[in-house]
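A.B. asks: Predicted model and sequence below, questions to follow.
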Amino acid sequence: MDFQHLVLKKISQAAQDAAVSKVESRSSQLKFANNKIVKTGSESVFSISVFCSIDKRVFSTTLRENNEKCVGDLVKKLSAASKVMPARADFFGFAPKQGGAYPRLKNCFDKNILPPENKQLDLVESAVNAAIGEKAVRSAGILEFHNSSHRLLTTNGVDAVEDSTNAYFSIRAMAQNDGSGHQVAAGRMLKSLDVEKASRKAGELAFESRNPTRAPSGKMSVILNPLPLSPLLDAAGSSSSSFYMEAGLSFFAGKVGKKVGSPAITIYDDPQFPNGFNSTSFDAEGTRAYKKPIVEKGVFKTVLHNYSTAKKHGLSTTGNAGLIAPNYFNLVLEKGGNSLEKLVSQVDNGLLVTNLWYTRFNNYSSGEFSTMPRDALFLIKNGAIEKPVRGIRISENMLNLMQNARAAGSDSQQVYSWEAPVSIITPSVLFDNVNITKPTG
């Protein structure tokens, strides 16, 4: 009996439901600043996490040591804790095991994802040179590679294994006179990670955004590129989770079948998206993960469930467990037929936003948020970019924003970032009547 099966067997002596997840991973990371490598590192991780219920008392933990004594001590602690913990009446166990094989993912594993260190150094050097080639003077960022194997065992007979790889690159380029641009690249396959393309774009934005002047405020049309749109879409993905709805943290609560956006907005969760940064064939309960609409032509369609949250409402799991909170895997906003240039040509008075930071929700249940454009920001007049600007805040409501979406672009891009830490695939989108304010202080 291997150690993971031993853990499941021991935990099952006390627990009615248990899931034991094992992850083995290798990773490498390179950080650069002022055009030079400043840190390199690699890491190997072996972890076993346990989720279980004892008489409807729910526990989640990670083993600190991988030996039988550690497992025995854990069972004793869980049994003791279950005597004083309150029961969760809304926990109904895990989804039953399904028949048949899990779907085979496309372009989600690359045996060459951890290239030799000299190859990684070459990639960073080519990225820095690409940004300088667009007249940036310096750049900083990070390059990461991950190779992992995940195995899930449950008391319902699930034994699922999945190997995956990830690659991530982020670069912020700076030019003289306050010009800056930020771009990212992410995927599962090394060949899909075009660091030079991202770096050229970051350098181009930095050069074009030099000498910004104060931006106007008021109601304006705004084009959000994929990078700044991604944290807002991440909030939409979280709001589709039944957990966040019941916690009062969702602006989609009670809106199934109702209009929440314009016809330009179609969003779906696609766990099997080819090269998707978070693609998977099964969720945390071992249920097959499948593609589903969340918002279809502006109408909210699907609440994301695991087995327990679905059973509570007399529904079926959507294959989105999260054992605690159901979650999306790859959130995709359907692209339109407009190039970025065509979107710009449709704006009489507005802004082109290439990056955001400090996106914060004042009220999750109503969707009120504020965020600040960072890096290259441009004023659009009469269908053309007029000049770089700075010094504004976007203070809006997510439902208003989605209702005012006029057109989606064709420039779809996969984004994984600090403020969108799952996986977003989106084009640029043109929004009307966006509230632009001046930052305080």
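C.D. replies: On my side now, so go ahead.
A.B. asks: What residues of the lengthiest strand in the chain count as buried?
C.D. replies: Longest strand in the chain, counting residues (DSSP state E): strand 36-54. Residues of strand 36-54 classed as buried by neighbour count (16 or more other Cβ atoms under 10 Å): Ile48, Ser49, Val50, Phe51, Cys52, Ser53, Ile54. For glycine as for every other residue, the C-beta is placed from the backbone atoms N, C-alpha and C.
A.B. asks: tell me which residues in stretch 269-282 are buried?
C.D. replies: So for stretch 269-282, counting by 16+ other Cβ under 10 Å, buried means 269-273, 275-282.
A.B. asks: Then stretch 192-209?
C.D. replies: For stretch 192-209, burial by neighbour count (16+ other Cβ under 10 Å) applies to 193, 195-196, 198-209.
A.B. asks: can I assume Thr371 is in contact with Asn355?
C.D. replies: No - using Cβ atoms under 8 Å, Thr371 makes no contact with Asn355, being 10.2 Å away.
A.B. asks: Show me which of those two is the more surrounded one.
C.D. replies: Asn355 (24 against 20; other Cβ atoms under 10 Å).
A.B. asks: And the more buried one, its phi and psi?
C.D. replies: phi -160, psi 150 (degrees, to the nearest 10).
A.B. asks: what sits against it?
C.D. replies: Gly181, His182, Asn225, Leu227, Pro228, Pro373, Arg374, Asp375, Ala376 (Cβ atoms under 8 Å, 6 or more residues apart in numbering).
A.B. asks: Which of the residues you listed fall within helices?
C.D. replies: Of these, the ones assigned to helices by DSSP state H are Leu227, Pro228.
A.B. asks: Please point out which parts of the helix or strand harbouring Trp357 sit buried.
C.D. replies: Assigning secondary structure by DSSP states H and E places Trp357 in strand 356-363. Neighbour-count burial for strand 356-363, counted by 16+ other Cβ under 10 Å, picks out Leu356, Thr359, Phe361.
A.B. asks: partner residues bridging the first one?
C.D. replies: Right, Leu356. Pro373 (DSSP bridges).
A.B. asks: One more: the one 4 residues further on?
C.D. replies: Partner residues in beta bridges with Arg360: Ser370, with DSSP bridges as the criterion.
A.B. asks: The helix or strand where Gly237 lies - what's its average pLDDT?
C.D. replies: According to DSSP H and E, Gly237 maps onto helix 226-239. Helix 226-239 carries an average pLDDT of 98.
A.B. asks: just checking, what packs against the helix or strand following it?
C.D. replies: Sequence order places helix 242-246 as the next helix or strand after helix 226-239, per DSSP H and E. Other elements packing on helix 242-246 under the criterion 3 or more Cβ pairs under 8 Å, 6 or more residues apart in numbering; DSSP states H and E are helix 307-312.
A.B. asks: What strands flank the next helix or strand after the helix it packs on, and is each parallel or antiparallel?
C.D. replies: Sequence order places strand 331-333 as the next helix or strand after helix 307-312, per DSSP H and E. Neighbouring strands of strand 331-333 in its sheet, by DSSP bridges, are strand 267-269 (antiparallel), strand 424-426 (parallel).
A.B. asks: Need the contact partners of the first one.
C.D. replies: Contacts of strand 267-269 from elsewhere in the structure, counted by Cβ under 8 Å, 6+ apart, are 233, 236-237, 240, 291-296, 302, 304, 320, 328-334.
A.B. asks: Quick one: buried ones out of these?
C.D. replies: Buried among those (16+ other Cβ under 10 Å): 233, 236-237, 240, 292-296, 302, 304, 320, 328-334.
A.B. asks: so Pro86 sits in a strand?
C.D. replies: No - assessed with DSSP: H, G, I helix; E, B strand; the rest coil, Pro86 is coil; it does not lie in a strand.
A.B. asks: which ones are touching it?
C.D. replies: By Cβ under 8 Å, 6+ apart, the neighbours of Pro86 are Arg57.
A.B. asks: What does the pLDDT read for it?
C.D. replies: Pro86 is given a pLDDT of 94.
A.B. asks: domain parsing for the protein?
C.D. replies: Under the assignment named as automatic domain parsing, the residue ranges that make up the domains of the chain are 3-208, 213-437.
A.B. asks: Can you give me the buried ones in stretch 169-186?
C.D. replies: Buried, per 16+ other Cβ under 10 Å, within stretch 169-186: 169-175, 179-186.
A.B. asks: Span of that stretch from start to end?
C.D. replies: Terminal residues of stretch 169-186 are spaced 6 Å apart (Cα to Cα, to the nearest Å).
A.B. asks: Centre of the chain to it, how far?
C.D. replies: Averaging C-alpha positions (Cα atoms, centre = their mean, to the nearest Å) puts stretch 169-186 20 Å from its chain's average.
A.B. asks: So in terms of bridging, what pairs with Ile380?
C.D. replies: Note on Ile380: beta-bridge partners by DSSP bridges are Gly350, Ile385.
A.B. asks: Can you check the pLDDT for it?
C.D. replies: pLDDT for Ile380: 98.
A.B. asks: What count of nearby residues applies to it?
C.D. replies: Going by other Cβ under 10 Å, the residues that sit close to Ile380 add up to 23.
A.B. asks: show me the contacts for it.
C.D. replies: Counted by Cβ under 8 Å, 6+ apart, Ile380 has contacts Ser221, Ile223, Val344, Val347, Asn349, Gly350, Leu351, Leu352, Glu386.
A.B. asks: try 10 Å this time
C.D. replies: For Ile380, the contacting residues are 220-223, 343-352, 386-387, by Cβ atoms under 10 Å, 6 or more residues apart in numbering.
A.B. asks: Give the single residue among the buried residues of strand 356-363 positioned nearest to Ser428.
C.D. replies: Closest to Ser428 out of the buried residues of strand 356-363 is Leu356 (13.2 Å), distances taken as Cβ to Cβ.
A.B. asks: Check the domains of the chain for me and report the most buried one.
C.D. replies: domain 213-437 (a mean of 20; mean count of other Cβ atoms under 10 Å).
A.B. asks: helices and strands around the longest helix anywhere in the chain, which ones?
C.D. replies: Longest helix in the chain, counting residues (DSSP H): helix 117-133. Here helix 117-133 touches strand 17-33, strand 36-54, strand 138-154, strand 159-175, strand 179-187, helix 195-208, going by 3 or more Cβ pairs under 10 Å, 6 or more residues apart in numbering; DSSP states H and E.
A.B. asks: which strands and helices sit next to the third one?
C.D. replies: Using 3+ Cβ pairs under 10 Å, 6+ apart, the elements in contact with strand 138-154 are helix 3-12, strand 17-33, strand 36-54, helix 117-133, strand 159-175, strand 179-187, helix 195-208.
A.B. asks: if you set the cut-off to 6 Å instead, what comes out?
C.D. replies: Applying 3 or more Cβ pairs under 6 Å, 6 or more residues apart in numbering; DSSP states H and E, one finds that strand 138-154 contacts strand 17-33, helix 117-133, strand 159-175.
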